[in-house]
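Q: give me coordinates for this.
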Amino acid sequence: MSTKQSTFIKRPDESVRDKKLQVLNTQLKKLSTEITSVSNEIDSLLGKNDSNSSKNDELKAIIKEQNDLKVKRNAIFDQLKQIDSKIKATNKNIDLTLSSVSSKAKDFKTPGEVDKEIFHIENKLDQGGLSLVDEKRFIKQQSELNKIKKVIVSVQPLKSEVFDLKQQQISLKNTLNKELDNKHLQKQFEAVQSELNEQRSLKNKNQQAVNQLFNKRTALRAKRDEIYNKITETRNQFDNEFKAYKMKRELQKKQKENEYKFEKLYAQKESDLTKLKEDIIIAQNTPVLIDDLNNIELCLSELNPAYSKPSKVESSIIEPKKIVSRRKNRAAPVVSTKVEDVDAIASSTGEISLSVISIAVLGQHGLPVPEPNDKELIADVFSKLISIRDETKTKSETLTIENIKKAQDRLNQVEELYVKREQELKDSIAALTINDEKA
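A: The predicted model follows:
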């Protein structure tokens, strides 16, 4: 990938900024000295002294004490309002309870008053001489009075509560009138305020000269603020230039890093794809189970010396060691021209000799190891091993195709992954290029 040639980014010169600031700071120092001088003249004409400041402090202390006292008084006022609301609510409950029994219940304050009235009616009833109508009326009144008495007894706790609340009201009002009285503070406030007014009157005599000095100081402060703004502007301008410089450097650094990542990714891609392509070639040229097939072919050739191997079978095994037959004076084997001719084995007069590998092959596939002169068993084992060879060959071809496909799939996946990574890096580099142009 071709990369954009890096351009040199010049660092902002701090010495230029420092020279500008040095001139502005000299002007600022001169203006500050003039402002201090004018302020001293104003203080002298206004008669600013410690006594004036002390009176102001004293006035502030009185005001603070008044405010604190006001907070406390307001708190007590709130308590009085709450108590008054409780008293009204309780009295309302008492009136409702009494009126629920009889309208005459409110005429009695205590159970004793009801007892007197009941006693009076009982005396009249005991004396006799009453008409039947009067007797019934007095009995009805007596019953009504008994009910009133029960109700009055039931509301006595509420009346006691009202009494306690009224006592609290009296106590709080006494606190307002005695402990939290603010009249003495008001007198102190008025006295101190009067003294301050006298001092202000004296200061007003020199007000014309003071006003001229005020105007002069205001103009000097405006110039000083202007210098401050220029200093701030100079610093901000340099800071912005330096930030832009750092941003460009950072963008340039990121561009180089991304380009390096792209080159590294490309090299890694070439390496990985080359390796995966080699894996495909290896899978194509190296059949699965090749060693097993070679071992089976070896065993077949040892079981039947007349057996002819296929045209070419790659083998990774070492030349096996032969096992010599226990029989002596063996006859030479007769070589058959047919590959899988079992009859040739039966008609052969020679004895077979099996290697360690052939014996292992027979054991691996659950076949017996025949005696060298057992022609029938040798023919049976040979026939079964031919079938096993064909099955193994078919399985080898299938697995080899699968291995080739897997290797090809891995190659395709890796190619797609690298295409995605390359596009991400390209997008990142393009975005940085846009930001660089904006900066």
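Q: so which residues of this structure form helices?
A: 14-46, 50-99, 111-127, 132-177, 183-204, 207-285, 290-303, 342-347, 356-364, 375-438 (DSSP state H).
Q: surely Leu59 touches Phe189?
A: Yes - between Leu59 and Phe189 there is a contact under Cβ atoms under 8 Å: 7.1 Å. Any C-beta I mention is one placed from the backbone N, CA and C, and that applies to glycine too.
Q: picking up where we left off before, can you tell me which of the helices of the chain is nearest to Thr7?
A: helix 207-285 (8.0 Å; Cβ to Cβ).
Q: distance between that closest one and the chain's centre?
A: Put simply, helix 207-285 sits 28 Å off its chain's centre (Cα atoms, centre = their mean, to the nearest Å).
Q: who are the packing partners of that helix?
A: helix 14-46, helix 375-438 (3 or more Cβ pairs under 8 Å, 6 or more residues apart in numbering; DSSP states H and E).
Q: show me what counts as buried in the shortest one.
A: By neighbour count on 16 or more other Cβ atoms under 10 Å, the buried set for helix 14-46 is 17, 20-21, 24, 28, 31, 35, 38, 42, 45-46.
Q: which of these lies closest to Asp279?
A: Nearest member of these to Asp279, counting by Cβ to Cβ, is Arg17, at 63.2 Å.
Q: next up, the contacts around that closest one.
A: Residues in contact with Arg17 (Cβ atoms under 8 Å, 6 or more residues apart in numbering) are 234-235, 238.
Q: cool, Lys166 as well?
A: Taking Cβ under 8 Å, 6+ apart as the test, what Lys166 contacts is Ile87.
Q: how about the buried residues of helix 14-46 in a markdown table, adding pLDDT?
A: Listed next are these as a markdown table, based on pLDDT from 0 to 100:
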| residue | pLDDT |
| --- | --- |
| Arg17 | 85 |
| Lys20 | 86 |
| Leu21 | 88 |
| Leu24 | 89 |
| Leu28 | 88 |
| Leu31 | 88 |
| Ile35 | 91 |
| Val38 | 87 |
| Ile42 | 82 |
| Leu45 | 76 |
| Leu46 | 70 |
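Q: out of those, which comes closest to Asn285?
A: Nearest to Asn285 among the buried residues of helix 14-46, with distances taken as Cβ to Cβ, is Arg17, at 72.6 Å.
Q: roughly how far does the closest one sit from Ala244?
A: Using Cβ to Cβ, to the nearest Å, Arg17 is found at 14 Å from Ala244.
Q: quick revisit: redo the contacts of Arg17 as CSV? Include distance to Ile87 and pLDDT.
A: Shown next, in CSV, are these (distance: Cβ to Cβ, whole Å; pLDDT from 0 to 100):
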residue, distance to Ile87, pLDDT
Thr234, 74, 88
Arg235, 71, 88
Phe238, 76, 86
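Q: in JSON lines: those, plus neighbour count and distance to Asn285.
A: Output for the contacts of Arg17, formatted as JSON lines (neighbours: other Cβ atoms under 10 Å; distance: Cβ to Cβ, whole Å):
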{"residue": "Thr234", "neighbour count": "17", "distance to Asn285": "76"}
{"residue": "Arg235", "neighbour count": "13", "distance to Asn285": "74"}
{"residue": "Phe238", "neighbour count": "18", "distance to Asn285": "70"}
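Q: circling back to that earlier point, weakest of the helices and strands packed on helix 207-285 by average pLDDT?
A: The minimum mean pLDDT among these belongs to helix 375-438 (a mean of 83).
Q: angle of that one against helix 207-285?
A: 160 degrees (axes from the mean of the first three to the mean of the last three Cα atoms, to 10 degrees).
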